[in-house]
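> the following comprises the amino acid sequence and a computationally predicted model.
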Amino acid sequence: MDYLQNISADKTEGIIFGELNEILSYRKDDETKPFGTIKIKFHLVGSEGKFYETVTDINGKYEIRISAGRYEINLVLPEYAQIRELGSDRNEIEVKPNGCVKARFTIESKSKISGKLTSFEEKPVANLTIELINFDTKEWTTSADTNGEGNFSLEGISSGKYLIAINREISPHAESPYPTFYYSNAYTPVKAKVLAINLRQNIENLIFQLPSKLEEQTITGTVVWENGKPAPNTRVEIEDTTENTFFRKERVTETDSSGKFVLKGFVGRSYNLKAKFEKYEDLTEEEAKKEMSISGKISYVTSADSPPRYVRITRGEAKIEPFKVANKTISFKIVLKEK
C-alpha cells in the first residue's frame with residue numbers, strides 16, 4: 001500500500017499490519033465484519049509532525065512499511081463510528097528495525113434507538129431492562145435499563161434490522177412481572193414491529209407500552225421425609241418453564257420448623273418445583289471420599305489441601321413435574337428421598 005512519507009534507503013524499516021472490523025454484537029466481541037476504506041495515520045512520537053498513512057482495503061486489512069520507532073496511531077473515522085475498546089486494540093506501537101507488528105482495531109456504530117417505557121396505564125416504568133434483538137439472527141445484541149422517568153437508550157448499534165423486547169432473555173420475576181413482550185404491542189417476534197437502522201441514523205422518541213402485570217398466586221406446601229417426619233430447613237425453589245428463556249429466574253425459600261413453605265408464582269405460567277435438603281459437615285479426606293462414593297452429592301469443599309474438609313452434602317431431594325399456576329392457591333406435599 002502507498003504511504004505519504006517516503007522512507008530513506010539508509011534507514012532501517014519495519015512493517016505494521018492489521019485489520020479493522022465493525023462489531024455486530026456486544027455479547028460476542030468476535031462477531032464482527034470488515035470495515036474498509038478507512039485512513040490510518042502513524043505519527044512518530046517526539047517528531048515534528050512526521051507521519052505516515054495508509055488506507056484499509058475492502059476486507060478491512062492494511063499493511064505499511066515505515067521507519068523504526070514508536071508511533072501514535074490515529075484512525076480517521078466517519079462521524080457515525082467510534083473505536084471499541086478491546087484488550088488487543090492499541091493507540092501506540094513500537095516498530096523495531098526489520099520487525100513486524102500487528103495492530104488490530106474494532107469500531108462500533110454510534111447509531112442508537114431511544115424512547116420511553118410505559119405501563120399499561122401509560123405511566124413511566126423505571127429500572128426495567130430493554131433488549132435489542134437482531135431480526136435476522138434472532139440473537140440478543142445489546143440492552144439498556146430504563147431510568148427513573150422510564151427513558152432508555154440503546155447505543156452503538158450497527159446497521160441492520162432489529163426488534164425491541166422485554167423479558168426475552170429472562171423469565172418474569174418480582175422486579176419485572178411481565179411475559180416476553182415486543183415493541184409494538186406483540187407477544188411474539190412474528191407480530192413485532194421491525195426497526196431498520198442505517199449508518200448515521202438514530203431512532204428516537206419511541207413509546208414502548210407494556211401489557212398488564214402478571215397476577216401473582218400463592219404456592220404452599222409441606223416437605224416431609226419418607227418416614228413422614230417434617231423436613232425443616234429444606235431449600236424449595238420453583239423455576240419458570242413456560243418459555244425457553246436464556247435465564248430462568250428462580251424463586252427460592254426454606255421450609256420452617258414444621259416443613260412448610262410459601263412461594264409466589266404467576267398465573268398462567270408453568271413451573272418446576274424442586275426440594276433439596278443439604279447438610280454441612282466436617283469430614284476427613286477419607287470420610288469425604290467415602291461420602292462421595294455413596295451419594296455423589298458433595299457440592300462444596302472449603303479446603304482441597306488439608307483435612308478436615310467442610311463439605312455440603314445433599315441428604316434428600318425431590319422434584320415435582322411441571323405444573324401451571326391457576327387463579328387459586330395451589331398446595332403440594334413433597335416427600336424427600338434420602339440419599
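Okay, I see it.
> worst mean pLDDT across the helices and strands of the protein, which element?
None of the helices or strands of the chain scores lower by mean pLDDT, DSSP states H and E than strand 298-301, at a mean of 43.
> tally of neighbours for the nearest residue to Glu243 once chain neighbours are set aside?
In space, not counting the residues next to it along the chain, Glu243 is nearest to Thr180; the distance is 5.9 Å by Cβ to Cβ, 6 or more residues apart in numbering. C-betas here are computed from N, CA, C, even on glycine. Residues within reach of Thr180, counting by other Cβ atoms under 10 Å, total 20.
> quick one: low-confidence parts of the stretch 101-250 of the chain?
Along the stretch 101-250 of the chain, the parts satisfying pLDDT under 70 run over 199-200, 244-247.
> check the gap between Glu122 and Gly150 for me.
Counting by Cβ to Cβ, to the nearest Å, the gap from Glu122 to Gly150 is 10 Å.
> quick one: contacts for Gly69?
44-45, 94-95 (Cβ atoms under 8 Å, 6 or more residues apart in numbering).
> distance of it relative to Glu92?
11 Å.
> between those two, what contacts are shared?
Val45.
> Gly69 bridge partners, please.
Beta-bridge pairing of Gly69 under DSSP bridges involves Val95.
> for Lys279, same thing?
Ile313.
> same question for Val335.
Val224.
> buried stuff in stretch 60-75?
For stretch 60-75, the neighbour count (16 or more other Cβ atoms under 10 Å) marks 60-62, 64-69, 71, 73, 75 as buried.
> return the member of those residues nearest to Phe51.
Tyr71 (8.2 Å; Cβ to Cβ).
> for the closest one, which non-adjacent residue is spatially closest?
Tyr71 sits nearest to Phe42 (Cβ to Cβ, 6+ apart), 4.4 Å away.
> that neighbour - how many residues pack around it?
Phe42 has 24 nearby residues by other Cβ under 10 Å.
> where do the helices sit along this protein?
Along the chain, counting by DSSP state H, helices occupy 285-295.
> for Gly14, what are its contacts?
Here Gly14 is in contact with 65-68, 95-101 (Cβ under 8 Å, 6+ apart).
> let me see the domain layout of the protein.
13-108, 111-209, 216-338 (automatic domain parsing).
> Leu24 against Phe35, yeah?
No. Counting by Cβ atoms under 8 Å, Leu24 does not reach Phe35; the two are 11.1 Å apart.
> bridging residues for Ile16?
Ile64, Val101.
> burial of it, as a residue count?
Neighbour count of Ile16, defined by other Cβ under 10 Å: 22.
> gap between the nearest residue to Glu226 once chain neighbours are set aside and Gly221?
Counting by Cβ to Cβ, 6+ apart, the nearest residue to Glu226 once its immediate chain neighbours are dropped is Val335, at 6.0 Å. As for Val335, its distance to Gly221 is 11 Å (criterion: Cβ to Cβ).
> do the same with Glu204
According to Cβ to Cβ, Glu204 and Gly221 sit 49 Å apart.
> can you map out the strands along the stretch 101-250 of the chain?
Along the stretch 101-250 of the chain, the stretches classed as strands by DSSP state E, counting those that start in this stretch are 105-109, 111-118, 129-134, 140-145, 151-157, 160-166, 181-182, 195-197, 203-209, 216-225, 235-240, 250-254.
> out of those strands, which one sits most buried?
Mean neighbour count (mean count of other Cβ atoms under 10 Å) peaks for strand 105-109 among the strands of the stretch 101-250 of the chain, with a mean of 22.
> strand 151-157 and that one, what's the angle between them?
Angle, strand 105-109 to strand 151-157, by axes from the mean of the first three to the mean of the last three Cα atoms, to 10 degrees: 140 degrees.
> ok, Ser158 - contacts?
22-24, 108-109, 111, 197.
> got JSON lines for the residues you listed, with distance to Arg168 too?
Listed next are the contacts of Ser158 as JSON lines, based on distance: Cβ to Cβ, whole Å:
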{"residue": "Glu22", "distance to Arg168": "24"}
{"residue": "Ile23", "distance to Arg168": "21"}
{"residue": "Leu24", "distance to Arg168": "18"}
{"residue": "Glu108", "distance to Arg168": "22"}
{"residue": "Ser109", "distance to Arg168": "22"}
{"residue": "Ser111", "distance to Arg168": "21"}
{"residue": "Ile197", "distance to Arg168": "19"}
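> surely Gln185 is in contact with Leu210?
Slight slip there: residue 185 is Asn, not Gln. No. Contact between Asn185 and Leu210 fails when scored by Cβ under 8 Å: they sit 9.5 Å apart.
> please identify which of the two sits among more neighbours.
Using other Cβ under 10 Å, the more surrounded residue of Asn185 and Leu210 is Leu210, with 23 against 13.
> I'd assumed Pro179 was in contact with the more buried one.
No. Here Leu210 lies out of contact with Pro179, judged by Cβ under 8 Å, at a distance of 9.9 Å.
> find residues that contact each of those two.
With Cβ under 8 Å, 6+ apart, Leu210 and Pro179 have no common neighbours.
> separation between Val101 and Val125?
Taking Cβ to Cβ, one finds Val101 at 50 Å from Val125.
> which one of the two is surrounded by more residues?
For Val101 versus Val125, neighbours defined as other Cβ under 10 Å are more numerous around Val125 (20 against 15).
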